[in-house]
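Novice: Need coordinates for the following:
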Amino acid sequence: MAALVYATVGSNRLDDAKAFYDALLGSAGIKPVFEHPSGGRVYGANRTPNFAVLGPHDGQPATVGNGSMFAFAFDTREEVDAFHARALELGGTCAGAPGLRGPGLWFSYVRDLDGNKLCAFCMR
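Specialist: Numbering: from 1, shown residues only. Below you'll find the predicted structure:
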């Protein structure tokens, strides 16, 4: 059976993006795993890569994918709220405040420094 293992976002501000993701993902227990040749960084839990911020392989400027989004699952609503608040503290922008999006579905949305959309959610 196949499973989605990792996702990447592009950045035109890699130093700023790495600082943003170091702090944001670090607050959720997701740590840097290795530096990427593009100047970006790969992150993961238990040293297994699952997210990266990179410079585009083709050397062209990074762009935001309209309709693209990457989600991080949490165990509690409080963790979702904290992730959302931390992203905003780090300069991200709100794309949907934490709240109920269906029966037992607590979701929040932010955009990173380049405009990439991130979701934090719990299903309890």
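Novice: for the longest strand seen in the chain, which positions count as buried?
Specialist: Taking DSSP state E as the criterion, the chain has its longest strand at strand 93-102. Neighbour-count burial for strand 93-102 flags 95, 98 (criterion: 16 or more other C-beta atoms under 10 Å). Quick note: C-beta positions are derived from backbone N, CA and C, even for glycine.
Novice: cool, stretch 105-120 as well?
Specialist: 106-120.
Novice: before we move on, the earlier item: tell me how far the longest strand of the chain is from the chain's mean position?
Specialist: Strand 93-102 sits 15 Å away from the centroid of its parent chain (C-alpha atoms, centre = their mean, to the nearest Å).
Novice: Would you mind pulling up the elements that that strand packs against?
Specialist: Judged by 3 or more C-beta pairs under 8 Å, 6 or more residues apart in numbering; DSSP states H and E, strand 93-102 is in contact with helix 77-89, strand 105-111, strand 117-122.
Novice: isn't V5 right next to N50, touching?
Specialist: Yes: if you go by C-beta atoms under 8 Å, V5 and N50 touch, sitting 6.5 Å apart.
Novice: Which residues outside the longest strand of the chain are in contact with it?
Specialist: 77, 80-81, 84, 88, 106-111, 117, 120-121 (C-beta atoms under 8 Å, 6 or more residues apart in numbering).
Novice: go again using 7 Å as the cut-off
Specialist: Contacting residues not belonging to strand 93-102 are listed as 80-81, 84, 88, 106-111, 117 [C-beta atoms under 7 Å, 6 or more residues apart in numbering].
Novice: what angle separates that strand from strand 105-111?
Specialist: Calculated by axes from the mean of the first three to the mean of the last three C-alpha atoms, to 10 degrees, strand 93-102 forms an angle of 170 degrees with strand 105-111.
Novice: any weak-confidence spans in this protein?
Specialist: Along the chain, segments meeting pLDDT under 70 span 2.
Novice: what about the closest residue to V64 other than its chain neighbours, which SS state?
Specialist: Counting by C-beta to C-beta, 6 or more residues apart in numbering, V64 lies nearest to G115, which is 4.2 Å off, once chain neighbours are set aside. Three-state call for G115 (DSSP: H, G, I helix; E, B strand; the rest coil): coil.
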